[in-house]
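# next one to model:
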Amino acid sequence: MSVLHQQRIRVSYNPQGFLAPEKPWETVCPCCSVTAFGSGVSHDAFATWTEALAMAENHLRRYHCRYCIDTQMPAGRCDYMGELYQRCPLCQPACKSCDGLAAYPASYNTPSELRADLQALGLGPIFCLDCNGVISLIPLDPEAIS
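Presented below is the predicted three-dimensional model:
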């Protein structure tokens, strides 16, 4: 399946369109109103299929990341924290403190919920001071540290 199908960009032939004789090919992105010309209309018309396809691919590269969901990229699974996400390096800059290494557990709404569940397992999270992601887990038992 191509990226165009995944993002639902539609390239269609419309001979009865408003600009049909000169520009019968239309591109539509139903998830946003950004167009190639910035007009705020959710579709554009083109003279050839190649031009329409090129616009659709440029639109995907510019406005829809292929690696993340709302600037959060899947980062695997931890036995203690569950599903993890990280900042997408293509959509936003890495955190200056942790250099983008921090992870964000998907199953928890607040750091206190995470801390309480990990404390029951004898672990404590180390949070990044800037992005509030989890950098590491440490054992809370003093004997395990020494």
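# can you list the domains in the protein?
The record, using automatic domain parsing to delimit domains, assigns the chain the ranges 3-63, 72-145.
# now those domains as JSON lines including mean neighbour count and mean pLDDT?
Placement of C-beta: from N, CA and C, glycine included. As requested, the domains of the chain are exported to JSON lines (neighbours: other C-beta atoms under 10 Å; pLDDT from 0 to 100):
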{"stretch": "domain 3-63", "mean neighbour count": "14", "mean pLDDT": "67"}
{"stretch": "domain 72-145", "mean neighbour count": "14", "mean pLDDT": "88"}
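# chain center to stretch 133-142, what's the gap?
Stretch 133-142 has its average C-alpha position 27 Å from the chain's average C-alpha position, going by C-alpha atoms, centre = their mean, to the nearest Å.
# just the C-alpha atoms of that stretch, please, in PDB.
What follows is stretch 133-142, C-alpha atoms only, in PDB (Å, rounded to 0.1, in the frame of the first residue of the first chain):
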ATOM      1  CA  GLY A 133       9.900  12.000  29.600                       C
ATOM      2  CA  VAL A 134      11.300   8.900  31.400                       C
ATOM      3  CA  ILE A 135      15.100   8.600  30.900                       C
ATOM      4  CA  SER A 136      15.700   5.500  33.000                       C
ATOM      5  CA  LEU A 137      14.300   3.200  35.700                       C
ATOM      6  CA  ILE A 138      16.300   2.600  38.900                       C
ATOM      7  CA  PRO A 139      15.800   0.100  41.700                       C
ATOM      8  CA  LEU A 140      14.500   1.700  44.900                       C
ATOM      9  CA  ASP A 141      16.100  -0.900  47.200                       C
ATOM     10  CA  PRO A 142      19.400   0.500  48.500                       C
END
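# give me the contact list for it.
Among residues not part of stretch 133-142, those counted as contacts by C-beta atoms under 8 Å, 6 or more residues apart in numbering are 80-81, 86-87, 95, 98, 101-105, 114, 118-119, 122-128, 145.
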